[in-house]
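A.B. asks: what shape does this take:
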Amino acid sequence: MIPEQQVPSTPVDPAKVRASLARLMEIYRGIAEKADEVSTRRCPYKNARSRCTAVFKCRNQYFTRVPGDLPVCTGSDKLDYRKAWETEERLGPA
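C.D. replies: Residues are numbered from 1 along each chain as shown. Sure, this is the predicted structure:
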């Protein structure tokens with residue numbers, strides 16, 4: 001059985017809702033702008049632990065001896081990483 005929706009006990013102020021959504025969009029815009037700026041100097045496949053999450057080969061990948069471990073990203077965040085990508089050969093199942 002689907003429960004009935006509860007009606008709020010206080011009326012919703014449309015102006016407050018619009019202001020809240022505008023503030024939320026401002027926050028997301030800032031996050032997106034920072035991500036765009038960082039992506040010009042940091043590989044988007046490098047995670048927070050400096051592991052490579054790409055599904056293709058890259059000359060900056062260092063594979064450990066631990067089975068199933070993601071490769072370590074050895075690329076510098078000061079270089080253009082895109083030239084290292086070898087997109088023709090994929091890692092694992094496609």
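A.B. asks: so the most centrally placed residue in the chain: helix, strand or coil?
C.D. replies: Centre of the chain computed as the mean C-alpha position; nearest residue by CA atoms, centre = their mean is Pro44, 7.3 Å away. Here Pro44 is recorded as coil under DSSP: H, G, I helix; E, B strand; the rest coil.
A.B. asks: next: Ala15.
C.D. replies: Going by three-state DSSP: Ala15 is helix.
A.B. asks: model confidence for it, exactly?
C.D. replies: With respect to pLDDT, Ala15 scores 95.
A.B. asks: any idea how far it is from Asn60?
C.D. replies: For Ala15, the distance to Asn60 (CB to CB, to the nearest Å) stands at 51 Å. Just so you know, the C-beta spots here come from the backbone N, C-alpha and C atoms, and that holds for glycine as well.
A.B. asks: measure Cys73 to Asp36 for me?
C.D. replies: In terms of CB to CB, Cys73 sits 20 Å off from Asp36.
A.B. asks: and what of Leu24?
C.D. replies: Using CB to CB, Leu24 is found at 19 Å from Asp36.
A.B. asks: try Asn60
C.D. replies: 22 Å.
A.B. asks: also Ser50?
C.D. replies: According to CB to CB, Ser50 stands 21 Å off from Asp36.
A.B. asks: the more surrounded of these two?
C.D. replies: Neighbours per residue, other CB atoms under 10 Å: of Ser50 and Asp36, the larger number sits with Ser50, 14 against 9.
A.B. asks: how about that one: what's its closest non-neighbour residue?
C.D. replies: In this structure, Ser50 finds its nearest non-sequential neighbour in Cys73, 5.2 Å apart by CB to CB, 6 or more residues apart in numbering.
A.B. asks: look up phi and psi at that neighbour.
C.D. replies: The phi and psi values for Cys73, taken as degrees, to the nearest 10, are phi -90, psi 120.
A.B. asks: low pLDDT regions in this structure?
C.D. replies: 1-4, 7-8, 79-82, 84, 86-87, 89-94 (pLDDT under 70).
A.B. asks: which stretches in the protein count as helices?
C.D. replies: Taking DSSP state H as the criterion, the chain contains helices spanning 14-38.
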